[in-house]
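[1] Turn this into a structure:
(chains A and B)
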Amino acid sequence: MLWIPDVDQKPFSISFDDGKTFGLTVFKRGPLTEKLFELNLGDRVGITGPFGTSYSIKPDYHYYMVAGGYGAAPLGNLAERINGAKIDFIVGARSHDLLLFEDRLKKIPNLNLHITTDDGSAGTKGRVTDVLEKLLENQNDDKRILVTCGPELMQTAVLALANKYDTKCEVSVERHMKCGFGVCGQCVVDDLGICTCMDGPVMSRTIANQIFELGKYHRDKTGNIIKF
Amino acid sequence: MLNTTFLNKQFKNPIVLASGILGVTGAGLANIIKIGAGGVTTKSISLEPREGHKNPVMMGNDHFFLNAVGLSNPGIENALPEIAKLRSLTDAPIIGSIFAGTAEEFGVVAEKICTGPIDFLEVDISCPNVGAEFGRPFAYSTEAVETITKIVKTKSTVPVIMKLSPNAWNIAEIAKAAESAGADAITAINTAAGMMIDIESRQPVLSNKVGGVSGPALFPIALKCVYDIYKAVKIPIIGTGGITTGRDGIAMIMAGATLLGVGSAMYYNKGTCFSKITAEMEEFMKAENITSLEEIRGTAH
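    Now for the predicted structure:
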């Protein structure tokens, strides 16, 4: 969690980590991130964590990483940290200027980069899941795992493909979080009643399939249900 | 061994989840029963939805836990389906918790929540974290407690439990006032007002600056309050505040509690916090040849 006193504190995923320093990828979209963009080099912020689960690291697996928008942040970090795994990295964005980490991802050995944009300004025009399904159809590795992060409806589409092709899969479930350590109950999911801050955000296909609300609704700060 | 009867209702063990912890959704509360609690209390519910305070709303260390969530809740209309969901997922007793800004509004929320499948109604007159908004907590005034208790009693179809504050200097008198106004039980205690300062940023940690202290530091304070209240009233007490071990639980029963509210233990021992307390209580009872909690209730007096 990143805290700026008197402003707010919110969870962020780690998008870079070399063991000595770490980095966060931040979109300017609310009071906290706006304030963050006004800070200068050397200004301090509060950091707590890390909290929750992370993606599996299995160098003997063939990874299919499916990132939508800001979802490229944790998956870029994962791709850099897996030594030796074969990776198909599918990254999608609304348009070319919103595409993250193109150059960074191209430097990773054993990584095939597939780009999709909604408007066709880079890569293939269309959805990441179309590219993913073609890859799954045409490649027949023994050990393969789908990992995904991004808009929930994109992730549920990836999960559906994992079920269809009976493949290991890990999704990243984002819910409104307050405490980050499993006490406040704000981020629990139906009907399991488990916290996404501790039992997630990364959840296995088995668990994700039991989350009734996935792709259907989430909750706001009051706890009220908001449909996707 | 730990079976407890509270106001004619059976609890498989005396541990109930205290209000405010993991109580946002029906499924979240049902999970608390699954991991070992005998009953649950919902997060406190108001007439209208509330977003609560900005983050940070909670922080803890080895000695204490501090929170100022600001009573966020989806409002009674949206909370009722969650309570119905909870009932569909568990047979364990449900305590519905409410709060309001005026005595009349307490009556309105009480009437509405009683349309849901709750077994008891807990009335939160003692949250320390919204003082500026609602004026001085009602829990400091015997008159206010009497008035609210009477109104809620006329509207409620289930037994009414008044939740009291250790910030009141006269908690035993307040408990007596609640009893004489018709309260069926007392929950003691809510959190004690406190603060944490982050020394690097030189700022209070919580966005609300002040919050409520719970966790181990609250335990001896809660124990003394329950002890005093037990002497003052005949109605049963839900002893709440800093219980994290079986020994804490046993001591609270010896002070006079019937049920044990547990909340911040979730921060210290996560999903095992309830089963740890019940296992430790049973272990102690076996070693001391105690066959029921009835045998030791109030024995510290």
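[2] thinking in terms of the whole chain, how far from its middle is stretch A:215-228?
    19 Å (C-alpha atoms, centre = their mean, to the nearest Å).
[3] buried ones in it?
    Buried residues in stretch A:215-228, counted by 16 or more other C-beta atoms under 10 Å in any protein chain shown: A:G215, A:H218, A:R219, A:K221, A:T222, A:G223, A:N224, A:I225. Bear in mind the C-beta positions are built from the backbone N, C-alpha and C, glycine included.
[4] Could you tell me which residues of chain A lie near chain B?
    A:1, A:3, A:5-10, A:44, A:46, A:178-179, A:181-186, A:188-195, A:198, A:219-225 (C-beta under 8 Å from any C-beta of the partner chain).
[5] what's the closest of the buried residues of stretch A:215-228 to B:E283?
    A:G223 (37.2 Å; C-beta to C-beta).
[6] isn't the closest one right up against B:S72?
    Yes: with contact defined as C-beta atoms under 8 Å, A:G223 counts as touching B:S72 (6.7 Å).
[7] What's opposite the residue of the stretch 201-301 of chain B at minimum distance from chain A in the beta bridge?
    Using C-beta to the nearest C-beta, the point where the stretch 201-301 of chain B gets nearest to chain A is B:Q203, with a distance of 4.1 Å. B:Q203 has these beta-bridge partners by DSSP bridges: B:D198.
[8] how much space is there between the closest residue to chain B within chain A and A:E213?
    Chain A approaches chain B most closely through A:G193 (3.1 Å), counting by C-beta to the nearest C-beta. Distance of A:G193 to A:E213, computed by C-beta to C-beta, to the nearest Å: 11 Å.
[9] Show me which of those two is the more surrounded one.
    A:G193 (25 against 21; other C-beta atoms under 10 Å in any protein chain shown).
[10] residues near the nearest residue to that one once chain neighbours are set aside, how many?
    Of all residues not flanking A:G193 in the chain, B:N31 sits nearest, at 3.1 Å (C-beta to C-beta, 6 or more residues apart in numbering or on different chains). The number of residues packed near B:N31 is 23, by other C-beta under 10 Å.
[11] Need the phi and psi values for B:N31.
    phi -60, psi -30 (degrees, to the nearest 10).
[12] surely it meets A:L192?
    Yes: counting by C-beta under 8 Å, B:N31 does reach A:L192; the two are 7.0 Å apart.
[13] Regarding B:T149, what is its secondary structure?
    Under DSSP: H, G, I helix; E, B strand; the rest coil, B:T149 falls in the helix class.
[14] and it, what is it in contact with?
    B:V123, B:V160, B:M162, B:A177, B:A178, B:A181, B:G182, B:A183 (C-beta atoms under 8 Å, 6 or more residues apart in numbering or on different chains).
[15] Mind giving me the packing neighbours of the strand or helix carrying the third one?
    With elements delineated by DSSP states H and E, B:M162 resides in strand B:160-164, which encompasses its position. Packed against strand B:160-164 by the contact rule (3 or more C-beta pairs under 8 Å, 6 or more residues apart in numbering or on different chains; DSSP states H and E) you find strand B:120-124, helix B:142-155, helix B:171-180, strand B:185-188.
[16] So for chain A, the centremost residue is which one?
    A:C149 (2.6 Å; C-alpha atoms, centre = their mean).
[17] partner residues bridging that one?
    Those that pair with A:C149 in a beta bridge, by DSSP bridges, are A:A67.
[18] Point out where the chain drops to low pLDDT.
    All of this refers to chain A. Nowhere does chain A drop to pLDDT under 70.
[19] Chain B is the one I meant
    In chain B, residues with pLDDT under 70: B:127-136.
[20] Relative to the centre of it, find the outermost residue for me.
    Outermost in chain B, C-alpha atoms, centre = their mean: B:E200 at 33.6 Å.
[21] Can you name the residues that contact residue 56?
    All of this is about chain A. If you count contacts by C-beta under 8 Å, 6+ apart, then A:S56 has A:I145, A:V147, A:E170 around it.
[22] think we crossed wires, I meant chain B
    A:M1, A:W3, A:Q9, B:V205, B:L206, B:S207.
[23] so which strand or helix has the last one?
    B:S207 belongs to no helix or strand when elements are defined using DSSP H and E.
[24] What is the neighbour count of it?
    When neighbours are counted by other C-beta under 10 Å, B:S207 comes out with 21.
[25] can you list the domain ranges for chain A.
    A:2-47, A:62-227 (automatic domain parsing).
[26] which of these sits most buried?
    domain A:62-227 (a mean of 20; mean count of other C-beta atoms under 10 Å in any protein chain shown).
[27] what's the closest residue in space to A:A122 that isn't next to it in sequence in contact with, if anything?
    Once flanking residues are discounted, A:A122 sits nearest to A:H96: 3.8 Å by C-beta to C-beta, 6+ apart. If you count contacts by C-beta under 8 Å, 6+ apart, A:H96 has them with A:T117, A:S121, A:A122.
[28] tell me which of those residues is nearest to B:V24?
    A:T117 (37.5 Å).
[29] Please report how far that closest one lies from B:E143.
    67 Å.
[30] ok, which residues in the stretch 51-200 of chain B are in contact with chain A?
    B:51-52, B:54-58, B:65, B:67, B:69, B:72-75, B:78-79, B:82, B:85, B:89, B:198, B:200.
[31] Mark which of the residues you listed are part of helices, please.
    The helices, defined by DSSP state H, take in B:N78, B:A79, B:E82, B:K85, B:L89 from those.
[32] So the fourth one sits against B:T25, correct?
    Translated: B:K85. Yes: applying C-beta under 8 Å, one finds B:K85 in contact with B:T25, separated by 7.5 Å.
[33] what residues do the two have in common as contacts?
    In contact with both B:K85 and B:T25: A:D190, using C-beta under 8 Å, 6+ apart.
[34] related to what we said a few turns ago, so of the contacts of A:H96, which ones are in strands?
    Using DSSP state E, the subset of the contacts of A:H96 located in strands is A:T117.
[35] Including distance to B:T240, could the contacts of A:H96 go into CSV?
    Below are the contacts of A:H96 laid out as CSV (distance: C-beta to C-beta, whole Å):
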residue, distance to B:T240
A:T117, 55
A:S121, 59
A:A122, 58
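[36] Going by contacts, tell me the helices and strands next to the helix or strand hosting A:Q9.
    Secondary-structure assignment from DSSP H and E places A:Q9 in strand A:8-10. Strand A:8-10 sits against strand A:2-4, helix A:31-38, with contacts defined as 3+ C-beta pairs under 8 Å, 6+ apart.
[37] how far does that strand sit from the chain's center?
    With C-alpha atoms, centre = their mean, you get 19 Å for strand A:8-10.
[38] now do stretch A:117-135
    The answer for stretch A:117-135 is 18 Å, by C-alpha atoms, centre = their mean.
[39] Start and end of that stretch, how far apart?
    One end of stretch A:117-135 sits 18 Å from the other (C-alpha to C-alpha, to the nearest Å).
[40] what's the answer for stretch B:178-193, then?
    22 Å.
[41] buried set for it?
    For stretch B:178-193, by 16+ other C-beta under 10 Å, it's B:178-179, B:181-193.
[42] Was I right to think B:G75 contacts B:I45?
    Yes: taking contacts as C-beta under 8 Å, B:G75 lies within contact range of B:I45: 7.3 Å.
[43] The two: which has the busier surroundings?
    B:I45 (31 against 18).
[44] And A:R104, which helix or strand is it part of?
    helix A:102-106.
[45] nearest residue to A:R144 other than its sequence neighbours?
    A:H62 (4.5 Å).
[46] meant to ask about A:A85
    Looking at A:A85 with C-beta to C-beta, 6+ apart, the closest residue is A:P59, at 4.8 Å.
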